[in-house]
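Asker: Fold the following and give me the result.
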Amino acid sequence: MKSSETYLIGGGGHGRVVLDAFLASGKQIDGILDAQLAPGSQVFGVKVLGDDEFLESVDPKTTRLVNGVGSTGDSSRRIEIFERFSKIGFEFIGVVHVAASIGKECSVDASAQIMAGAVLQNRVSVGKNVVVNTRASVDHDVLLADHVTVSPGAIVSGGVKLGRGTFVGAGAVIIQGIEVGQNCIVGAGAVVRHNVKGETTVVGNPATQLE
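Answerer: I've put the predicted structure just below:
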């Protein structure tokens, strides 16, 4: 009998990408929890067991969770899932896709998700519940605080600091040395040339605050 079970919370688009990364890495997911999917159905051969209420019947000490909730700018649901179940005592685990590249002396939290084609150059620090999505590029000495999402194709240049809960849209570019505060949104395709204060949305090239 196995000492622990691992369940994926969320089987939508992001959840499938996460599941695909786990399976590609030779890791096992024992079930999917998603209220939008029919119990007993399967995603990539993994059975849907129900919704979050399923976790009321298991022991947090012997159960690991994977956050399959994605974000398209508003990361509040993803953060809420992570913080609520962590407080109860569940451990969240992440994944580094076999097709990702991680440089020397990087620090990647065990709950972070680094997707296919993503590149982290040396001495990047990645916090809890972070997503570095498909083909995103994160250069040297970057700090990604807890709950940051870097969307597909985004470029984060060297020495950048992204605050807690910040979302970087697809194809955005943040030039070297920039600091972006917490809970910011960097719009898709934006080019960030100046520091961004917390709780701010910026869009365009050059990126400017959205009124």
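Asker: tell me which strands and helices the strand or helix carrying residue 202 is in contact with?
Answerer: Assigned by DSSP states H and E, residue 202 falls within strand 201-203. Applying 3 or more CB pairs under 8 Å, 6 or more residues apart in numbering; DSSP states H and E, one finds that strand 201-203 contacts strand 185-186, strand 208-209. Where C-beta positions appear, they are placed from N, C-alpha and C, glycine not excepted.
Asker: Return the residues in contact with the one residue sitting closest to the centre of the chain.
Answerer: Centrality entry for the chain: nearest residue to the mean C-alpha point is residue 131, 2.2 Å, by CA atoms, centre = their mean. Applying CB atoms under 8 Å, 6 or more residues apart in numbering, we find residue 131 in contact with 14, 70, 71, 112, 113, 115, 148, 149, 150.
Asker: Just grab the bridge partners of the residue nearest to residue 205 when sequence neighbours are not counted for me.
Answerer: Excluding the flanking residues, the one nearest residue 205 by CB to CB, 6 or more residues apart in numbering is residue 191, at 4.1 Å. Residue 191 has these beta-bridge partners by DSSP bridges: residue 173.
Asker: Going forward, the N-terminal residue is numbered 736.
Answerer: Fine by me, first position is 736 from now on; the one you just mentioned is residue 926.
Asker: Quick check: residue 926 vs residue 900, distance?
Answerer: Using CB to CB, to the nearest Å, residue 926 is found at 22 Å from residue 900.
Asker: Show me which of the two is the more surrounded one.
Answerer: When residue 926 and residue 900 are compared for neighbours, residue 900 comes out ahead with 24 against 16, by other CB atoms under 10 Å.
Asker: can I assume that one is in contact with residue 810?
Answerer: Yes - with contact defined as CB atoms under 8 Å, residue 900 and residue 810 form a contacting pair (5.7 Å).
Asker: Give me the common contacts of those two.
Answerer: residue 882.
Asker: By pLDDT, give me the weakest of the contacts of residue 866.
Answerer: Ranked by pLDDT, these bottom out at residue 806, which has 89.
Asker: burial of that residue, as a residue count?
Answerer: Residue 806: 19 neighbours (other CB under 10 Å).
Asker: tell me the contacts of residue 821?
Answerer: residue 827.
Asker: Pull out the buried residues from the helix or strand containing it.
Answerer: Assigned by DSSP H and E, residue 821 belongs to helix 811-823. Across helix 811-823, burial judged by 16 or more other CB atoms under 10 Å covers 813, 814, 816, 817, 820, 821.
Asker: May I see these organised as CSV, with pLDDT and distance to residue 790 added?
Answerer: Shown next, in CSV, are the buried residues of helix 811-823 (pLDDT from 0 to 100; distance: CB to CB, whole Å):
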residue, pLDDT, distance to residue 790
813, 96, 17
814, 97, 18
816, 97, 11
817, 98, 13
820, 97, 7
821, 97, 12
